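# what's the 3D shape of this:
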Amino acid sequence: MGKGKDFGFRATEETRGAAETQEREYLKQKAQDLVGRTFQNQDQTLVVTVDDSGVLIEVRNGQRAARPFCRSFVEAIEAGRLRGV
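Residues are numbered from 1 along each chain as shown. From the prediction side, this is the model:
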C-alpha cells in the first residue's frame, strides 16, 4: 500500500455494493416463492397479490395499484400485518 493513501472509502463502497446485491437476490427469490399468492391486512381493506413478474398488485377501496416487490412487504408478512388468503 502506498504511503498516505486511505482505502477505507473504497472498502466501504465495495461492502455496500455487495450488501445491495445480496438484498436484490434475496428479494428476487422471495418474489419467486410468493408468485400467485394473495395477502390481506387484518381489517380486510387491503388485498395484495404477487404477480408472475414479481410486482405487487394492491387493491384498496376498489382502487388497484402496482408497486415493485420490496423488503417492507416481506416484513409485513413476517410481522403478521399481512396474512395469506
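# Every contact and neighbour count from this point should use C-alpha atoms.
Fine.
# in what helix or strand does Val48 lie?
For Val48, the host element (DSSP states H and E) is strand 46-50.
# Arg64: what's it in contact with?
Each residue near Arg64 by CA atoms under 8 Å, 6 or more residues apart in numbering is listed here: 57-58.
# Downstream of the strand holding Val48, the next helix or strand is which one?
strand 55-60.
# Just want the angle from that following strand to strand 46-50.
Angle of strand 55-60 versus strand 46-50, following axes from the mean of the first three to the mean of the last three CA atoms, to 10 degrees, is 160 degrees.
# Could you name the helices and strands sitting against strand 55-60?
Using 3 or more CA pairs under 8 Å, 6 or more residues apart in numbering; DSSP states H and E, the elements in contact with strand 55-60 are strand 46-50, strand 63-68.
# thinking again about what came up before, note down every partner strand of the strand holding Val48 and its orientation.
If you go by DSSP bridges, strand 46-50 pairs up with strand 38-41 (antiparallel), strand 55-60 (antiparallel).
# tell me the angle that strand makes with strand 63-68.
Using the same axes, to 10 degrees: strand 46-50 against strand 63-68 is 40 degrees.
# 884 is where my numbering starts, stick with that
Got it, the first residue is 884 from now on, which makes the last one we talked about strand 929-933.
# Identify the residues contacting strand 929-933?
Counting contacts by CA under 8 Å, 6+ apart, the residues outside strand 929-933 that touch it are 914, 917-924, 939-944.
# related to what we said a few turns ago, let me know which of the helices and strands packed on strand 938-943 is tucked in deepest.
strand 929-933 (a mean of 21; mean count of other CA atoms under 10 Å).
# May I have that strand as PDB, with CA atoms only?
The C-alpha trace of strand 929-933 is given here as PDB (Å, rounded to 0.1, in the frame of the first residue of the first chain):
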ATOM      1  CA  LEU A 929     -56.100  -4.100   1.500                       C
ATOM      2  CA  VAL A 930     -55.500  -7.100  -0.700                       C
ATOM      3  CA  VAL A 931     -52.100  -7.700  -2.300                       C
ATOM      4  CA  THR A 932     -51.300 -10.300  -4.900                       C
ATOM      5  CA  VAL A 933     -47.800 -11.100  -6.200                       C
END
